[in-house]
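Asks: What follows is a predicted structure for the sequence shown.
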Amino acid sequence: MSTRRYAFGRLDEANHPDSIRATIAEFISTCLFVFAGEGSALALRKIYKDAGASAGELVVLALAHAFSLFAAISASMHVSGGHVNPAVTFGALLGGRITALRAVYYWVAQLLGSVVASLLLRLVTNNM
């Protein structure tokens, strides 16, 4: 049975333009996904505030999240691989597709992207 070797990354990877570009792409794509997906959930809840969640509403929410995920992955696929999700980044790290240093950069970018999207939603929806 062969052993798998994991790359931790080099220090010059931190300043490399490709690494910075990929990290920014992950930030933007995660921000886009969270803003569009959760924004549609907020809008749907505002429209149907009196009724409970019906099957049609759940389908609309699922489609909204699917389209926003498709847009986010399409926007960053050629730059960073379109991870958008820390779990996907972890899987790529375990699979040896990315270095540990790049995985940490992606995780920070993804978490910051989701926080920024949430703050933008709060600002745009006036604390809805």
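Replies: Sure, I can see it.

Asks: would you list every one of the helices in the protein?
Replies: 17-47, 55-80, 86-94, 100-124 (DSSP state H).

Asks: Please tabulate those in a markdown table, including the columns mean pLDDT, distance to residue 7 and mean neighbour count.
Replies: All C-beta atoms are positioned from the backbone trio N, CA, C, and that covers glycine. Listed next are those as a markdown table, based on pLDDT from 0 to 100; distance: least, CB to CB, whole Å; neighbours: other CB atoms under 10 Å:
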| stretch | mean pLDDT | distance to residue 7 | mean neighbour count |
| --- | --- | --- | --- |
| helix 17-47 | 91 | 13 | 18 |
| helix 55-80 | 90 | 17 | 15 |
| helix 86-94 | 93 | 9 | 16 |
| helix 100-124 | 94 | 7 | 17 |
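
Asks: could these go into a markdown table alongside distance to residue 11?
Replies: Shown next, in a markdown table, are the helices of the chain (distance: least, CB to CB, whole Å):
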| stretch | distance to residue 11 |
| --- | --- |
| helix 17-47 | 11 |
| helix 55-80 | 20 |
| helix 86-94 | 18 |
| helix 100-124 | 8 |
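
Asks: among these, which is nearest residue 8?
Replies: helix 100-124 (4.6 Å; CB to CB).

Asks: can you list contacts of the closest one?
Replies: 6-10, 13-14, 19, 22-24, 26-35, 38-39, 42, 80, 83-86, 89-90, 92-93, 98 (CB atoms under 8 Å, 6 or more residues apart in numbering).

Asks: again, only this time at 7 Å
Replies: Residues outside helix 100-124 that contact it (CB atoms under 7 Å, 6 or more residues apart in numbering) are 6, 8-9, 13-14, 19, 23, 26-28, 30-31, 34-35, 38-39, 42, 83-84, 86, 89, 93.

Asks: Centre of the chain to it, how far?
Replies: The chain centre lies 7 Å from the centre of helix 100-124; the measure is CA atoms, centre = their mean, to the nearest Å.

Asks: Return the angle between stretch directions for it and helix 17-47.
Replies: 30 degrees (axes from the mean of the first three to the mean of the last three CA atoms, to 10 degrees).
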